[in-house]
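Undergrad: have a look at this fold, sequence not included:
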(Lines give C-alpha, C1' and ligand atoms only; values in the text may rest on other atoms or scores of the structure.)
Protein backbone atom coordinates (compact mmCIF):
# COMPACT_ATOMS: atom_id res chain seq x y z
CA UNK A 1 0.00 0.00 0.00
CA UNK A 2 1.43 3.37 -1.01
CA UNK A 3 1.76 6.05 1.68
CA UNK A 4 -0.90 8.74 1.85
CA UNK A 5 -0.10 12.00 0.11
CA UNK A 6 0.59 15.15 2.11
CA UNK A 7 -2.75 16.63 0.98
CA UNK A 8 -4.67 13.58 2.23
CA UNK A 9 -2.87 13.72 5.60
CA UNK A 10 -3.67 17.41 5.89
CA UNK A 11 -7.33 16.74 5.11
CA UNK A 12 -7.49 14.00 7.74
CA UNK A 13 -5.95 16.32 10.34
CA UNK A 14 -8.42 19.05 9.47
CA UNK A 15 -11.39 16.73 9.79
CA UNK A 16 -10.10 15.36 13.09
CA UNK A 17 -9.70 18.87 14.51
CA UNK A 18 -13.21 19.86 13.45
CA UNK A 19 -14.73 16.73 15.01
CA UNK A 20 -13.10 17.79 18.27
CA UNK A 21 -14.55 21.30 17.94
CA UNK A 22 -18.04 19.92 17.36
CA UNK A 23 -17.76 17.46 20.25
CA UNK A 24 -16.61 20.24 22.59
CA UNK A 25 -19.59 22.46 21.72
CA UNK A 26 -22.08 19.62 22.12
CA UNK A 27 -20.76 18.39 25.45
CA UNK A 28 -20.34 21.79 27.09
CA UNK A 29 -23.82 22.73 25.89
CA UNK A 30 -25.20 19.53 27.41
CA UNK A 31 -23.23 19.30 30.66
CA UNK A 32 -21.37 22.57 31.25
CA UNK A 33 -17.67 23.30 31.16
CA UNK A 34 -16.58 21.83 34.48
CA UNK A 35 -18.42 18.53 33.97
CA UNK A 36 -16.90 18.04 30.51
CA UNK A 37 -13.47 16.43 30.37
CA UNK A 38 -10.99 16.22 27.52
CA UNK A 39 -11.50 12.46 27.58
CA UNK A 40 -15.25 12.98 27.10
CA UNK A 41 -14.57 15.25 24.12
CA UNK A 42 -12.13 12.79 22.57
CA UNK A 43 -14.61 9.93 23.00
CA UNK A 44 -17.46 11.92 21.43
CA UNK A 45 -15.20 12.87 18.50
CA UNK A 46 -13.93 9.32 18.05
CA UNK A 47 -10.35 10.49 18.59
CA UNK A 48 -7.46 9.38 20.75
CA UNK A 49 -7.06 11.40 23.97
CA UNK A 50 -3.53 12.43 22.99
CA UNK A 51 -4.81 13.97 19.77
CA UNK A 52 -6.65 16.68 21.70
CA UNK A 53 -3.36 17.92 23.15
CA UNK A 54 -1.81 17.85 19.69
CA UNK A 55 -4.30 20.46 18.43
CA UNK A 56 -5.11 22.45 21.59
CA UNK A 57 -3.03 23.37 24.66
CA UNK A 58 -5.96 22.82 27.02
CA UNK A 59 -9.70 22.45 27.49
CA UNK A 60 -10.45 26.16 27.75
CA UNK A 61 -8.61 26.90 24.51
CA UNK A 62 -10.45 24.07 22.77
CA UNK A 63 -13.86 25.22 23.98
CA UNK A 64 -13.19 28.85 23.09
CA UNK A 65 -12.14 27.86 19.56
CA UNK A 66 -15.21 25.65 19.28
CA UNK A 67 -17.61 28.42 20.31
CA UNK A 68 -15.91 30.89 17.99
CA UNK A 69 -16.43 28.37 15.19
CA UNK A 70 -20.13 28.09 16.02
CA UNK A 71 -20.39 31.87 16.18
CA UNK A 72 -18.67 32.61 12.89
CA UNK A 73 -20.55 29.88 11.01
CA UNK A 74 -23.84 31.10 12.49
CA UNK A 75 -22.94 34.63 11.44
CA UNK A 76 -21.99 33.50 7.93
CA UNK A 77 -25.29 31.68 7.57
CA UNK A 78 -27.26 34.72 8.70
CA UNK A 79 -25.40 37.15 6.45
CA UNK A 80 -25.73 35.02 3.33
CA UNK A 81 -29.28 33.70 3.76
CA UNK A 82 -31.90 34.40 1.13
CA UNK A 83 -32.82 36.93 0.03
CA UNK A 84 -29.15 37.81 -0.37
CA UNK A 85 -28.40 41.46 0.24
CA UNK A 86 -25.47 43.84 0.07
CA UNK A 87 -27.33 46.47 2.10
CA UNK A 88 -25.06 47.35 5.01
CA UNK A 89 -27.83 48.17 7.47
CA UNK A 90 -29.63 44.88 6.81
CA UNK A 91 -26.40 42.93 7.18
CA UNK A 92 -25.65 44.60 10.50
CA UNK A 93 -29.17 43.78 11.71
CA UNK A 94 -28.63 40.13 10.72
CA UNK A 95 -25.29 40.07 12.54
CA UNK A 96 -26.81 41.41 15.75
CA UNK A 97 -29.68 38.92 15.54
CA UNK A 98 -27.28 36.02 14.89
CA UNK A 99 -25.28 36.67 18.07
CA UNK A 100 -28.35 37.40 20.20
CA UNK A 101 -30.02 34.29 18.77
CA UNK A 102 -27.14 32.11 19.92
CA UNK A 103 -27.38 33.70 23.35
CA UNK A 104 -31.10 32.93 23.54
CA UNK A 105 -30.82 29.40 22.15
CA UNK A 106 -27.65 28.18 23.87
CA UNK A 107 -27.34 30.04 27.18
CA UNK A 108 -25.19 27.41 28.91
CA UNK A 109 -22.64 27.41 26.11
CA UNK A 110 -22.51 31.19 25.74
CA UNK A 111 -22.31 31.74 29.52
CA UNK A 112 -19.34 29.38 29.72
CA UNK A 113 -17.76 31.18 26.76
CA UNK A 114 -18.10 34.58 28.40
CA UNK A 115 -16.64 33.22 31.63
CA UNK A 116 -13.69 31.85 29.69
CA UNK A 117 -12.97 35.22 28.11
CA UNK A 118 -12.61 36.73 31.58
CA UNK A 119 -9.81 34.30 32.45
CA UNK A 120 -6.21 35.48 32.35
CA UNK A 121 -5.59 34.33 28.78
CA UNK A 122 -8.62 36.19 27.39
CA UNK A 123 -9.12 35.74 23.67
CA UNK A 124 -7.30 32.70 22.32
CA UNK A 125 -5.72 33.42 18.91
CA UNK A 126 -7.08 30.79 16.54
CA UNK A 127 -8.47 30.56 12.99
CA UNK A 128 -12.05 30.56 14.31
CA UNK A 129 -11.63 33.78 16.27
CA UNK A 130 -9.88 35.48 13.35
CA UNK A 131 -12.68 34.50 10.97
CA UNK A 132 -15.30 35.87 13.37
CA UNK A 133 -13.35 39.14 13.58
CA UNK A 134 -13.12 39.33 9.78
CA UNK A 135 -16.87 38.86 9.36
CA UNK A 136 -17.76 41.50 11.94
CA UNK A 137 -15.18 43.94 10.55
CA UNK A 138 -16.59 43.45 7.05
CA UNK A 139 -20.10 44.02 8.39
CA UNK A 140 -19.02 47.28 9.99
CA UNK A 141 -17.36 48.37 6.75
CA UNK A 142 -20.46 47.62 4.67
CA UNK A 143 -22.58 49.47 7.21
CA UNK A 144 -20.63 52.55 6.19
CA UNK A 145 -17.93 52.97 8.84
CA UNK A 146 -15.16 55.41 7.97
CA UNK A 147 -12.90 53.94 10.66
CA UNK A 148 -13.34 50.18 10.89
CA UNK A 149 -10.36 49.78 13.22
CA UNK A 150 -12.23 51.86 15.81
CA UNK A 151 -15.82 50.87 15.05
CA UNK A 152 -15.30 47.09 14.92
CA UNK A 153 -14.03 46.85 18.53
CA UNK A 154 -16.98 49.01 19.63
CA UNK A 155 -19.48 46.69 17.94
CA UNK A 156 -17.73 43.68 19.47
CA UNK A 157 -17.88 45.29 22.92
CA UNK A 158 -21.57 46.17 22.55
CA UNK A 159 -22.41 42.62 21.46
CA UNK A 160 -20.42 41.12 24.32
CA UNK A 161 -22.16 43.46 26.73
CA UNK A 162 -25.56 42.41 25.40
CA UNK A 163 -24.65 38.72 25.69
CA UNK A 164 -23.48 39.25 29.27
CA UNK A 165 -26.62 41.19 30.19
CA UNK A 166 -28.85 38.46 28.77
CA UNK A 167 -27.06 35.75 30.76
CA UNK A 168 -26.53 37.29 34.21
CA UNK A 169 -27.84 34.65 36.65
CA UNK A 170 -30.81 35.95 38.58
CA UNK A 171 -31.12 39.23 36.69
CA UNK A 172 -31.10 38.57 32.94
CA UNK A 173 -32.32 41.24 30.54
CA UNK A 174 -34.79 40.16 27.82
CA UNK A 175 -33.15 39.65 24.43
CA UNK A 176 -35.79 41.79 22.62
CA UNK A 177 -34.96 44.71 24.94
CA UNK A 178 -31.25 44.36 24.22
CA UNK A 179 -31.99 44.07 20.52
CA UNK A 180 -34.04 47.27 20.59
CA UNK A 181 -31.18 49.12 22.30
CA UNK A 182 -28.61 47.96 19.76
CA UNK A 183 -30.90 48.70 16.83
CA UNK A 184 -31.51 52.20 18.16
CA UNK A 185 -27.75 52.70 18.64
CA UNK A 186 -27.11 51.88 14.98
CA UNK A 187 -30.25 53.45 13.50
CA UNK A 188 -31.73 50.14 12.34
CA UNK A 189 -35.42 49.43 11.76
CA UNK A 190 -37.07 46.81 13.95
CA UNK A 191 -38.28 44.96 10.84
CA UNK A 192 -34.72 44.39 9.61
CA UNK A 193 -32.79 41.23 10.35
CA UNK A 194 -34.88 38.55 12.07
CA UNK A 195 -37.42 40.34 14.28
CA UNK A 196 -38.57 38.31 17.30
CA UNK A 197 -41.85 36.55 16.58
CA UNK A 198 -41.60 36.99 12.82
CA UNK A 199 -41.58 34.21 10.21
CA UNK A 200 -37.82 34.70 9.88
CA UNK A 201 -37.28 34.08 13.58
CA UNK A 202 -36.84 30.32 13.72
CA UNK A 203 -37.10 30.23 17.50
CA UNK A 204 -34.98 28.03 19.71
CA UNK A 205 -32.27 26.05 17.96
CA UNK A 206 -31.63 24.05 21.13
CA UNK A 207 -31.08 20.38 20.48
CA UNK A 208 -30.77 20.69 16.71
CA UNK A 209 -27.93 19.02 14.85
CA UNK A 210 -24.84 21.25 14.85
CA UNK A 211 -22.90 19.29 12.25
CA UNK A 212 -23.54 21.83 9.47
CA UNK A 213 -21.48 24.36 11.43
CA UNK A 214 -18.51 22.00 11.58
CA UNK A 215 -18.77 20.24 8.22
CA UNK A 216 -15.75 20.25 5.93
CA UNK A 217 -15.77 20.28 2.16
CA UNK A 218 -14.72 17.21 0.26
CA UNK A 219 -11.27 17.73 -1.23
CA UNK A 220 -9.76 15.72 -4.02
CA UNK A 221 -6.39 14.13 -3.49
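TA: All right, it came through fine. Just so it is clear, the structure is predicted and the values come from calculations on it, not from any experiment.

Undergrad: any idea which helix is longest in the chain?
TA: Across the chain, the helix with the greatest residue count (assigned by DSSP state H) is helix 6-31.

Undergrad: give me the distance from the helix or strand following that one to the chain's centre.
TA: Using DSSP states H and E, the helix or strand that follows helix 6-31 towards the C-terminus is helix 38-45. Centroid separation for helix 38-45 versus its chain: 20 Å, with Cα atoms, centre = their mean, to the nearest Å.

Undergrad: any buried residues in helix 38-45, and which?
TA: 38, 40-42, 44-45 (16 or more other Cβ atoms under 10 Å). The C-beta positions use only the backbone N, C-alpha and C, and glycine is treated the same way.

Undergrad: ok, of those residues, which one's closest to residue 208?
TA: residue 44 (16.8 Å; Cβ to Cβ).

Undergrad: wait, doesn't residue 110 sit right on residue 104?
TA: No: with contact defined as Cβ atoms under 8 Å, residue 110 does not count as touching residue 104 (9.0 Å).

Undergrad: ok, back up a step: tabulate the buried residues of helix 38-45 (TSV), appending pLDDT and distance to residue 115.
TA: Listed next are these as TSV, based on pLDDT from 0 to 100; distance: Cβ to Cβ, whole Å:
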residue	pLDDT	distance to residue 115
38	94	18
40	96	19
41	96	18
42	95	23
44	95	22
45	94	23
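
Undergrad: so which of these is the closest to residue 24?
TA: Checking those one by one against residue 24 (Cβ to Cβ), the nearest turns out to be residue 41, at 5.1 Å.

Undergrad: residue 51 versus that closest one, what's the distance?
TA: Separation of residue 41 from residue 51 (Cβ to Cβ, to the nearest Å): 10 Å.

Undergrad: then residue 183?
TA: Using Cβ to Cβ, residue 183 is found at 44 Å from residue 51.
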